[in-house]
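Student: One predicted model, sequence on top.
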Amino acid sequence: MKVELEADKCVASGQCVLAAMDVFDQDDDGIAILLEEQVGEDRLDDVKEAVAVCPAAAIRLVEQ
Amino acid sequence: MADTLAGAVPEAPDSLPEFPMPREARCPFDPPPALKDLQEKTPLTKVRLWDGSEPWLVTRYADQRAVLGDPGVSADTDSPGYPTKASPEGGEGKLSFIMMDDPEHARLRRMVTAPFAVKKVEALRPAVQRIVDDLIDGMLSRPGPVDLVEEFALPIPSLVICELLGVPYDDHALFQENTKTMVRTTATPEQRGAATREMAGYLAGQIAKRLADPKDDLLSSIAGRVTAGEIDHQQATEMALLLLIAGHETTANMIALGTLALLQNPDQLALLRDSDDPKFVAGAVEELLRYLHITHLGRRRAVTEDMEIAGQVIKAGEGVIMANEIANRDPEVFPDPDRLDLTRDARRHVAFGFGVHQCLGQPLARMELQVVYGTLYKRVPTLKLACALEDVRFKNDAFIYGVHELPVSW
Ligand code: SF4
């Protein structure tokens, strides 16, 4: 699955980093950055959690 | 504000439920029973507020998140139909970006997000651990009982936010007292206005000092935005005020009320005391945030574009209240919701709100609470309430729920 992040929607809540630390990080202003675009089965649950808790609907998972 | 009231829908029946509703004295941690009844019966209903206005109340988790995530609502207290908590809300002026909409909200908010990033907050953990340990040492050096609010719960977030902002903690009496008045619903508008003015005057002074002589703190970085012409001195002061207030009452109430809830649930307290797993402690913090809902007056918005909520069209100019305390007890999302269960996965709670206004300080709040809950009961395993539960005074008279005092001994 592919992860998509719309950084201009991000409100720097840090929720994605807490849910999936090896997929998301934050820049110097706290805005989310994507570390990995492709996620395998092993991290799918974490990324789904990130999608669910992101308050700004800035993260999406797309089937390929 | 009076103009807003005139816009309320006039012909609703007299039997509308009043909001907020009283809690059941026996269950100080549960939402008001009448509120829970409403959630069971209906996803959406009108309620009557203190000023006679009649906004909509959204009762269920999924709908609340949908509304808070919708760009067709406004957090600006001046928007027609905005359901105010008291008059005039926030005393003088606006409490910075939490009362603004995008794009101005996003522009101002982004100026202060940097220190709240997860990794920056993590770097503060040892310092917070030291603060917590020192306060516990201080408490234990005396015979007790002590008031946990005064001696422990309030100083922790206060010391941390002062350090972060660069406000001298020596002045804490001034801003702790004023903050209390600002969040007390029973304070008169005059009292709230005076407290706000005193705080704003103090912070304006601090910012002026940073303008002349910048340091390595958040106030200096806010002052830097003034120098760069991005905001004016007044906006800088409002921003500093927001951060100082928000950093105080919320976390302090979570610490004291959380401790009381754990003392009433000894099996859950034992789980925390016996666990050395940081993941378990982090999960316990999420569950306590879900269970306690200290923001008990709902997230409020004015509808700016007609929208459908739970099958009903809400018109532009009407107000909506999302009662997060019942969203966090929605059985659709959290099975057996009224049970405090530190082992459940509660991360999807809306204790910090939802949408673009979701709490900016949440990584900091989480880390502070993890340190507190992971330390206090281990170091003071015999901690107990030093009065009857009936004698604890709950903050039904404040914008943030909690306890006024918490006498404890060990
Ligand atoms: S959870 Fe969403 S809003 Fe929060 S930092 Fe991540 S992308 Fe940004």
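Tutor: Ah, there it is. Note that the structure is predicted; figures quoted are calculated from it, not measured.
Student: Please enumerate the strands of the stretch 51-200 of chain B.
Tutor: Along the stretch 51-200 of chain B, counting by DSSP state E, counting those that start in this stretch, strands occupy B:56-58, B:73-74, B:146-147.
Student: Generate a markdown table for these, with mean pLDDT and mean neighbour count as supplementary columns.
Tutor: Where you see a C-beta, it was placed from the backbone N, CA and C, and this is true even at glycine. Output for the strands of the stretch 51-200 of chain B, formatted as a markdown table (pLDDT from 0 to 100; neighbours: other C-beta atoms under 10 Å in any protein chain shown):
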| stretch | mean pLDDT | mean neighbour count |
| --- | --- | --- |
| strand B:56-58 | 97 | 26 |
| strand B:73-74 | 95 | 25 |
| strand B:146-147 | 96 | 18 |
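Student: need these in a markdown table with distance to residue B:182, can you?
Tutor: Shown next, in a markdown table, are the strands of the stretch 51-200 of chain B (distance: least, C-beta to C-beta, whole Å):
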| stretch | distance to residue B:182 |
| --- | --- |
| strand B:56-58 | 25 |
| strand B:73-74 | 23 |
| strand B:146-147 | 21 |
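Student: And those strands: which comes nearest chain A?
Tutor: Chain A lies closest, by C-beta to the nearest C-beta, to one member of the strands of the stretch 51-200 of chain B: strand B:73-74, at 13.8 Å.
Student: got the contact list for that closest one?
Tutor: For strand B:73-74, the surrounding residues in contact (C-beta atoms under 8 Å, 6 or more residues apart in numbering or on different chains) are B:67, B:82, B:101, B:301, B:302, B:303, B:304, B:307, B:320.
Student: rerun that using 6 Å as the cut-off
Tutor: Residues from elsewhere that reach strand B:73-74 (C-beta atoms under 6 Å, 6 or more residues apart in numbering or on different chains): B:101, B:301, B:302, B:303, B:304.
Student: Please list the residues of the stretch 201-350 of chain B that sit near chain A.
Tutor: residue B:348 (C-beta under 6 Å from any C-beta of the partner chain).
Student: Looking from the ligand, tell me which residue of the stretch 201-350 of chain B is nearest.
Tutor: Residue nearest to the ligand within the stretch 201-350 of chain B (C-beta to the nearest ligand atom): residue B:347, separated by 11.6 Å.
Student: what's the answer for chain B, then?
Tutor: Nearest residue of chain B to the ligand (C-beta to the nearest ligand atom) works out as residue B:358 at 7.5 Å.
Student: so what's that residue up against?
Tutor: Listed by C-beta under 6 Å, 6+ apart, the contact partners of residue B:358 are A:13, A:55, B:352.
Student: Of those, which ones also sit close to the ligand?
Tutor: By C-beta under 6 Å from any ligand atom, the members of the contacts of residue B:358 lying near the ligand are A:13, A:55.
Student: how near is the residue of chain B closest to the ligand to residue B:54?
Tutor: Using C-beta to C-beta, to the nearest Å, we find residue B:358 at a distance of 27 Å from residue B:54.
Student: Quick one, grab the pLDDT at the nearest residue in space to residue A:2 that is not next to it in sequence.
Tutor: By the measure of C-beta to C-beta, 6 or more residues apart in numbering or on different chains, the closest residue to residue A:2 outside its immediate chain neighbours is residue A:62, 4.8 Å from it. We have a pLDDT of 93 for residue A:62.
Student: Check chain A for its longest helix and report it.
Tutor: Of all the elements of type helix in chain A, the one with the most residues (DSSP state H) is helix A:41-53.
Student: If you tally nearby residues, what's the number for the residue of the stretch 201-350 of chain B closest to the ligand?
Tutor: Burial of residue B:347 is recorded as 17 neighbouring residues (other C-beta atoms under 10 Å in any protein chain shown).
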